[in-house]
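Student: Mind looking at a prediction? Sequence and model below.
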Amino acid sequence: MTPMTPHTTSHPTHGVRKAVVPAAGLGTRFLPATKATPKEMLPVVDKPAIQYVVEEASAAGLDDVLMVTGRHKRAIEDHFDQASELERALEAKGDLARLHAVRSASQLARIHHIRQGDPLGLGHAVLCARSHVGNEPFAVLLGDDLIDERETLLKVMLDVRARYGGSVIALMEVDPSQIHLYGCAAVKPSDETGVVHVTGLVEKPSREVAPSNYAVIGRYVLDPKVFEVLERTEPGRGGEIQLTDAIEELALTDEVRGVVFTGRRYDTGDKAEYLRTVVRLACERSDLGPEFRSWLTEFVATFDIDLEGGRLAA
């Protein structure tokens, strides 16, 4: 059988073609599972988390994806490469559904890889993409944030960039008690519903000093001017080069807008949220959902917690 033609798109009307996916983190929250397996490769139902991110980029018309990885991340490269031996075995068995699933990962976009080297923070990871991106606007998608495939957040952000220029970041209103977990944006209204002007950014502020309850979530469409700013950005919180610090400086001289997201988002960077994500997505699958929901309903209704022994007993 002739291999399927790789995914291609016409030149996008929003003028952005490239996406950068930082994937060099150590995944310490998921140890020991991530001792030898990249956290980005942890399965969410039956696909690794990072594939959902690349699928989102591809659906938005971004046909060139750069993975910024580190040591022990070879599994990411392998996943998005062709697996000829496996494909031939599936084809010989007539297992066309799995054959399509295996092939689809390598056909989503033109995927490139670069190593970050020293783990100096998200800002440094983005700066590592400079030679690949060049003097073009580009998107940054963080792998811990999964946006439901039914949402159009990235497409909306690209449209805002096409109409106004500058840079665009994704924002989400959170409970003020949670703002210390995020980058936080100072904003002022715009004439467009769901879009705000960003006047400043603070990385993980305390509730008392946070300028708003608008949290920065892991989607950015950045003007290439950000590279010049990152070059001179000093290490900030945690001794790392913070992307939020660079965007804050950019906002002083260049337009930065925020798109306020109210849709379905899944956080796979936290163990409890990761488990909730798997359950939610499994429940919604047409092939798994009916039986899984039935089992889950019965399980939740019948188990109790043995407080003394710390055991779950049906």
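Tutor: Alright, I've got the coordinates.
Student: remind me which residues of the stretch 101-250 of the chain are low pLDDT?
Tutor: Low-confidence regions of the stretch 101-250 of the chain, defined by pLDDT under 70, are absent; no residue qualifies.
Student: So which residues of it form helices?
Tutor: Secondary structure of the stretch 101-250 of the chain, counting by DSSP state H, counting those that start in this stretch: helices at 122-127, 130-133, 153-164, 225-232, 243-253.
Student: Could you tell me how far the last one lies from the centre of the chain?
Tutor: How far helix 243-253 lies from its chain's middle: 21 Å, per C-alpha atoms, centre = their mean, to the nearest Å.
Student: Just want the angle from it to helix 225-232.
Tutor: Orientation check (axes from the mean of the first three to the mean of the last three C-alpha atoms, to 10 degrees): helix 243-253 against helix 225-232 gives 120 degrees.
Student: Residues contacting helix 243-253, please?
Tutor: Helix 243-253 has contacts (C-beta atoms under 8 Å, 6 or more residues apart in numbering) with 121-123, 126, 140, 167, 169, 183, 198-203, 216, 220, 222-223, 225-226, 229-230, 233, 236, 256. In this view, the C-beta of every residue, glycine as well, is placed from N, C-alpha and C.
Student: can you pull the buried residues of it?
Tutor: By neighbour count on 16 or more other C-beta atoms under 10 Å, the buried set for helix 243-253 is 243-251.
Student: export those to JSON lines and tack on distance to R285?
Tutor: Compiled in JSON lines, the buried residues of helix 243-253 are given as follows (distance: C-beta to C-beta, whole Å):
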{"residue": "L243", "distance to R285": "34"}
{"residue": "T244", "distance to R285": "35"}
{"residue": "D245", "distance to R285": "40"}
{"residue": "A246", "distance to R285": "39"}
{"residue": "I247", "distance to R285": "36"}
{"residue": "E248", "distance to R285": "41"}
{"residue": "E249", "distance to R285": "44"}
{"residue": "L250", "distance to R285": "41"}
{"residue": "A251", "distance to R285": "41"}
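Student: Tell me the one of those residues nearest I179?
Tutor: Out of the buried residues of helix 243-253, the one with the shortest distance to I179 is T244. That distance is 12.9 Å, counting by C-beta to C-beta.
Student: so how far is N213 from that closest one?
Tutor: Taking C-beta to C-beta, to the nearest Å as the criterion, T244 is separated from N213 by 16 Å.
Student: Check V226 too.
Tutor: With the distance defined as C-beta to C-beta, V226 ends up 25 Å from N213.
Student: Quick check on those two: which one has the bigger neighbour count.
Tutor: Neighbour tally, V226 and N213, criterion other C-beta atoms under 10 Å: the higher count belongs to V226, 27 against 18.
Student: for the more buried one, what are its contacts?
Tutor: 126, 167, 246-247, 250.
Student: Nearest to A23 among those residues?
Tutor: V126 (12.3 Å).
Student: my guess is that closest one contacts A19, does it?
Tutor: No - proximity of V126 to A19 does not meet the contact threshold set by C-beta atoms under 8 Å, at 11.6 Å.
Student: So which of these two has more stuff around it?
Tutor: Applying other C-beta under 10 Å to V126 and A19 shows that A19 carries more neighbours, namely 27 against 24.
Student: Quick one: residues contacting that one.
Tutor: For A19, the contacting residues are 57, 62, 64-66, 109, 138-141, by C-beta under 8 Å, 6+ apart.
Student: Which two among the residues you listed are spaced furthest apart?
Tutor: Using C-beta to C-beta, the two most remote members of those are A109 and V140, lying 14.9 Å apart.
Student: tell me which residues form a beta bridge with the closest residue to V202 other than its chain neighbours?
Tutor: Once flanking residues are discounted, V202 sits nearest to C184: 4.9 Å by C-beta to C-beta, 6 or more residues apart in numbering. Note on C184: beta-bridge partners V202, A215, judged by DSSP bridges.
Student: Can you give me the neighbour number for C184?
Tutor: If you count neighbours by other C-beta under 10 Å, C184 ends up with 28.
Student: so it sits right up against V216, yeah?
Tutor: Yes - here C184 reaches V216: they are 7.0 Å apart, a contact under C-beta under 8 Å.
Student: Overlap in contacts, the two.
Tutor: Common neighbours of C184 and V216 (criterion: C-beta under 8 Å, 6+ apart): L201.
Student: Check the contacts of V226 against M41 and report the nearest one.
Tutor: Of the contacts of V226, the one sitting nearest to M41 (C-beta to C-beta) turns out to be V126, at 21.5 Å.
Student: give me every residue that touches that closest one.
Tutor: V126 sits next to 20, 22, 68, 140, 222, 226-227, 230, 243 when contact means C-beta under 8 Å, 6+ apart.
Student: before we move on, the earlier item: got a list of what the residue nearest to V202 touches?
Tutor: For C184, the residues meeting the contact criterion (C-beta under 8 Å, 6+ apart) are 201-205, 210-216.
Student: ok, and the closest non-adjacent residue to P211?
Tutor: Spatially, and ignoring its direct neighbours in sequence, P211 is nearest to A186 (3.7 Å; C-beta to C-beta, 6+ apart).
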